[in-house]
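Asks: Based on what follows, work out the 3D shape:
(2 chains)
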2 protein chains.
Amino acid sequence: MSSPERAVVLLSGGLDSATALAWTLRSRGLAPWVLSFDYGQRAARELDAARHVCAQLGVTRHMVLPLALDALVESALTGQGEVPDDGTGSRPHGIPTTYVPARNTVFLSLALGYAETIGAYTIVLGANALDYSGYPDCRPEYLEQFNALAALATAESVAGGRSIRVEAPFMDLSKADIIRQGLALGLDYGPTVSCYAPRADGRACGRCESCAIRARGFAEVGVPDPALSGEEP
Amino acid sequence: MSSPERAVVLLSGGLDSATALAWTLRSRGLAPWVLSFDYGQRAARELDAARHVCAQLGVTRHMVLPLALDALVESALTGQGEVPDDGTGSRPHGIPTTYVPARNTVFLSLALGYAETIGAYTIVLGANALDYSGYPDCRPEYLEQFNALAALATAESVAGGRSIRVEAPFMDLSKADIIRQGLALGLDYGPTVSCYAPRADGRACGRCESCAIRARGFAEVGVPDPALSGEEP
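Replies: Residues are numbered from 1 along each chain as shown, chains lettered A, B, ... in the order given. Reported below is the predicted structural model:
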């Protein structure tokens, strides 16, 4: 019996990407090579969650890559780091405050390099368009364009071989549908975190947009959110 | 008088990107916000060169971003880091040994995030197709596809505003033509480094492919390479 094909799975430790990992392993039948990014102080709790999710699913291939993405953005905005403050660094209007410029483009590019290195042809991304309607890089047309780029970006595809493609299986699903799928796959959502502004003890704030979307999802499914059960993972 | 538009310039410290910086500043008339990447031990000498080039041209906005790109690739190949060695990690055939999977895609994605943050609409890349014919991500069609992605990837462009675009002014130039252009712009090539395998003292090896291409370029122009004059920058 040949071993299953590999897939790079981007795992933040949140609900969507945890479900994407379970889907890759148990529904899509690929061997997941998980990639997480350590891009700042607040990421520590998310990385803990990501490690718990991997352990729960028996996934041992988990790369945590340091990535100074916040520094890139914040340095320019605050004048810290090696970027001098000329007082004019500001983002264009109309961007959600939680939006990090080009974040998915950066994450997918690194996943592309990783996939090419390990011989994977699939990158799995837990993004869904409904929750992130203000994010340009969480839309189906964006992902299609990324795949068009990937088809020109790797040595094998340019030589006439296979391309690496991003799959975003939950792009058009509601949060409740994602949760239903995860539960059906046996995923325990206890360790996952979705909060934009966790409290000092690391628990979800229960008030930010991400917490609200998650709470509505569990309410719609009719099950309690195990992350709110009072037990730390 | 309004201040000039900004451009993010990717600077490695090599001949091509140094010329691209001089071109951005003195020919294209944009205000350069320079971005370099610190992605491994061997990069220290290149980063010194990049700093010297910025100083020479009077450019003060220079961000050096740590980027564990080598770790991403090498961990997978060697089994170090958090990627377990299952003995099957190998790259597809036919890739030059100096090729780093998806490197330009990663660099351009980070430049895209930086450009969106600082309000720049131009990313300048010193790549040229002639020297890097084996690299999928150094071809005009690749860059056009990246620009198509960028048009879908930023908040302003999706809202109907301007897109961020990559310009690669030397894409179709020979090394000699690039050198002629840099000399005409007053660039001193002394501090630049192009060597893949510098000696212990940091000097160019004079034998690798990159050194050979550079030597032919200076020979064709008919001037000595100041980096070989025996004087350290």
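
Asks: going forward, measure contacts between C-alpha atoms and count neighbours the same way
Replies: Will do.

Asks: Could I get the contacting residues of the residue nearest to A:Glu5 when sequence neighbours are not counted?
Replies: Using Cα to Cα, 6 or more residues apart in numbering or on different chains and skipping the chain neighbours, the partner closest in space to A:Glu5 is A:Leu30 (5.4 Å). Contact partners of A:Leu30, counting by Cα atoms under 8 Å, 6 or more residues apart in numbering or on different chains, are A:4-7, A:24.

Asks: Sort out which of those are buried, if you could.
Replies: Buried by 16 or more other Cα atoms under 10 Å in any protein chain shown: A:6-7, A:24, out of the contacts of A:Leu30.

Asks: Nearest to A:Phe170 among those?
Replies: The nearest member of those to A:Phe170, counting by Cα to Cα, is A:Thr24 at 11.8 Å.

Asks: On the pLDDT front, check the residue lying closest to the closest one once chain neighbours are set aside for me.
Replies: Taking Cα to Cα, 6+ apart, and ignoring the residues beside it in sequence, A:Thr24 has A:Leu30 as its nearest neighbour in space, at 5.7 Å. A:Leu30 is assigned 98 on the pLDDT scale.

Asks: Make a markdown table from the buried ones among the contacts of A:Leu30 and add secondary structure and pLDDT to it.
Replies: Output for those, formatted as a markdown table (DSSP: H, G, I helix; E, B strand; the rest coil; pLDDT from 0 to 100):
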| residue | secondary structure | pLDDT |
| --- | --- | --- |
| A:Arg6 | strand | 97 |
| A:Ala7 | strand | 98 |
| A:Thr24 | helix | 98 |
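
Asks: and the residues you listed as TSV, adding distance to B:Pro101?
Replies: Listed next are the buried ones among the contacts of A:Leu30 as TSV, based on distance: Cα to Cα, whole Å:
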residue	distance to B:Pro101
A:Arg6	17
A:Ala7	16
A:Thr24	23
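
Asks: of these, closest to A:Ala71?
Replies: Of all the buried ones among the contacts of A:Leu30, A:Ala7 has the smallest distance to A:Ala71: 28.9 Å, by Cα to Cα.

Asks: Identify the residues contacting that closest one.
Replies: By Cα under 8 Å, 6+ apart, the residues touching A:Ala7 are A:24, A:30-33, A:115, A:120-124.

Asks: can you list those in JSON lines and add secondary structure?
Replies: Listed next are the contacts of A:Ala7 as JSON lines, based on DSSP: H, G, I helix; E, B strand; the rest coil:
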{"residue": "A:Thr24", "secondary structure": "helix"}
{"residue": "A:Leu30", "secondary structure": "coil"}
{"residue": "A:Ala31", "secondary structure": "strand"}
{"residue": "A:Pro32", "secondary structure": "strand"}
{"residue": "A:Trp33", "secondary structure": "strand"}
{"residue": "A:Ala115", "secondary structure": "helix"}
{"residue": "A:Ala120", "secondary structure": "coil"}
{"residue": "A:Tyr121", "secondary structure": "coil"}
{"residue": "A:Thr122", "secondary structure": "strand"}
{"residue": "A:Ile123", "secondary structure": "strand"}
{"residue": "A:Val124", "secondary structure": "strand"}
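
Asks: Tell me which two of those sit farthest apart.
Replies: It's A:Thr24 and A:Ala115 that sit farthest apart of those, by Cα to Cα, at 14.6 Å.
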